[in-house]
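Chemist: Here you go, sequence then predicted model.
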Amino acid sequence: MSDPDRRESLPDGQAPADPAGAAASSDQAGPTIDELAARIAELEDLRLRAVADLDNFRKRCAAQVQSAGAEAARRVAAQWLPVVDNLERALAHAEADPGSIVEGVRAVRDQAVTVLAQLGYPRRDDLGAPFDPARHEAIATRSDPNAPEGSIVEVIAPAYGEDGRQLRPAQVVVAKAD
């Protein structure tokens with residue numbers, strides 16, 4: 001259809017649309033500068049709220065972590081209180097029979113070892129085991145004809161914990177060849 005045909009199809013008295021005018025009217029149909037400025041202000045407000053929410057969330061998390069740490073420390077301390085009480089009882093009877101004092105100190109030591117095991121750090125007896133640098137700290141070596149080379153012949157300080165969670169390695173003396 002050509003332009004003359006279009007004129008014929010238009011109602012009486014109407015001129016065809018001006019292409020240049022059409023471009024100008026489509027610009028006016030879009031958002032105004034005031035509308036865009038309002039939208040920018042709205043988005044800036046949303047951004048500031050999101051930043052504030054994130055900061056508040058971070059502060060809440062830090063407070064929860066601190067609270068959980070304090071609660072864990074309180075629970076551990078509560079488990080050690082009976083050990084301290086028993087040590088005080090042993091000291092109060094220091095004038096008594098030395099044999100009973102030694103027996104009492106052993107009982108308190110056993111109680112402390114039990115507390116460590118309950119906390120996930122059981123005592124390990126590594127005497128006779130092969131030396132493992134991941135689990136043991138060699139303090140010395142010693143010739144021992146009754147022990148295989150590289151085995152532990154004496155435990156100076158026992159290890160506490162298991163392979164994945166070790167509180168400390170065992171301090172040991174390792175057998176060496178003559």
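Modeler: Done, it's in. As the structure is a prediction and not an experimental result, all values here were calculated from the model.
Chemist: dump the residue contacts of the closest residue to Ser100 other than its chain neighbours.
Modeler: Distance criterion CB to CB, 6 or more residues apart in numbering; nearest residue to Ser100, sequence neighbours excluded, is His93 at 7.1 Å. All C-beta spots, glycine's among them, are computed from the backbone N, C-alpha and C. Counting by CB atoms under 8 Å, 6 or more residues apart in numbering, His93 makes contact with Ser100, Ile101, Gly104.
Chemist: of those residues, closest to Asp163?
Modeler: When these are compared for distance to Asp163 (CB to CB), Gly104 wins out at 33.7 Å.
Chemist: Tell me how far the residue nearest to the closest one when sequence neighbours are not counted lies from Glu35.
Modeler: With CB to CB, 6+ apart as the criterion, Gly104 has its nearest non-adjacent residue at 4.3 Å, and that residue is Ala90. Between Ala90 and Glu35 the computed distance is 83 Å (CB to CB, to the nearest Å).
Chemist: how about the residue most central in space within the chain, phi and psi?
Modeler: Centroid-nearest residue in the chain: Val65, 9.2 Å away (criterion: CA atoms, centre = their mean). Torsion angles at Val65 (phi, psi; degrees, to the nearest 10) stand at phi -60, psi -40.
Chemist: Going along the chain, name the helices of the chain.
Modeler: Assigned by DSSP state H, the helices in the chain fall at 3-9, 19-29, 33-92, 98-118.
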